[in-house]
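Participant: Sequence first, then the predicted structure, then my questions.
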Amino acid sequence: MDFDLTPASIKDKPVLRNLLELCQHDYSEFNQADVDQHGLFGYNYLDHYWIEQGRYAFLVKVAGQLAGFALIRQLDDATHSMAEFFILRKYRRHGLGKQVAYRIFDMFPGAWSVSQEDGNLPAQAFWRRVISEYANGDFSEERLESPETGVVQTFKTKKRQ
């Protein structure tokens with residue numbers, strides 16, 4: 001599937017905020033989050049993507065239509081993390097998520113950490129499959145303990161053929 005992955009500018013912040021609401025709505029099935037008194041989930045770190053170094057926001061479009069987003073953050077000098085990753089349901093199960101993830105991994109070579117919440121079994125299965133294929137099986141997975149529970153996969157990018 002052809003897609004565009006473009007850095008989100010400050011002008012795109014309202015669009016990204018709206019997409020984050022859809023993302024948080026999907027996550028609420030697994031983390032039991034509630035909306036606030038305004039009917040919003042909110043996302044505490046959105047502003048950080050335009051004021052802190054080492055944070056990167058991307059929009060995903062298919063045929064000019066919004067299809068998702070990815071938020072990347074640099075954990076230290078050598079490790080990147082997939083802070084948030086979201087593909088609209090209409091575009092899921094067509095290989096778009098895998099293609100977007102691969103492109104992002106290629107854009108930020110080196111060590112990676114990708115975590116998923118404990119109950120989000122679909123996300124865990126997706127990332128295990130995508131990371132295993134991308135890294136040719138050379139990745140590790142461990143269980144996270146409180147304050148966060150879930151799993152995290154770690155790997156290093158490699159030159160792919």
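Facilitator: Yep, it's here.
Participant: Could you double-check that residue 75 sits in contact with residue 83?
Facilitator: No: applying Cβ atoms under 8 Å, one finds residue 75 not in contact with residue 83, separated by 9.7 Å. In short, each C-beta sits where N, CA and C put it, glycine included.
Participant: Please identify which of those two sits among more neighbours.
Facilitator: When residue 75 is set against residue 83 and neighbours are counted by other Cβ atoms under 10 Å, the residue ahead is residue 83, at 19 against 13.
Participant: So the more buried one sits against residue 43, correct?
Facilitator: No: between residue 83 and residue 43 there is no contact under Cβ under 8 Å: 10.0 Å.
Participant: what sits against the residue nearest to residue 61 when sequence neighbours are not counted?
Facilitator: Leaving out its chain neighbours, the residue that sits closest to residue 61 by Cβ to Cβ, 6 or more residues apart in numbering is residue 4, at 4.6 Å. For residue 4, the residues meeting the contact criterion (Cβ atoms under 8 Å, 6 or more residues apart in numbering) are 60-62.
Participant: Only the buried subset of those, as a PyMOL command please.
Facilitator: This is how PyMOL selects the buried members of the contacts of residue 4, with burial counted by 16 or more other Cβ atoms under 10 Å:
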select buried, resi 60+62
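Participant: Among the contacts of residue 4, which one sits closest to residue 33?
Facilitator: residue 60 (23.2 Å; Cβ to Cβ).
Participant: The closest one pairs with what?
Facilitator: For residue 60, the beta-bridge partners are residue 5, residue 68 (DSSP bridges).
Participant: If I look at it, what pLDDT would I see?
Facilitator: At residue 60, the pLDDT value in this model is 98.
Participant: wait, what's in contact with it?
Facilitator: Residues touching residue 60, when contacts are defined by Cβ under 8 Å, 6+ apart, comprise 3-5, 66-70, 87, 96, 100.
Participant: where's it relative to residue 84, distance?
Facilitator: The spacing between residue 60 and residue 84, counted by Cβ to Cβ, to the nearest Å, is 12 Å.
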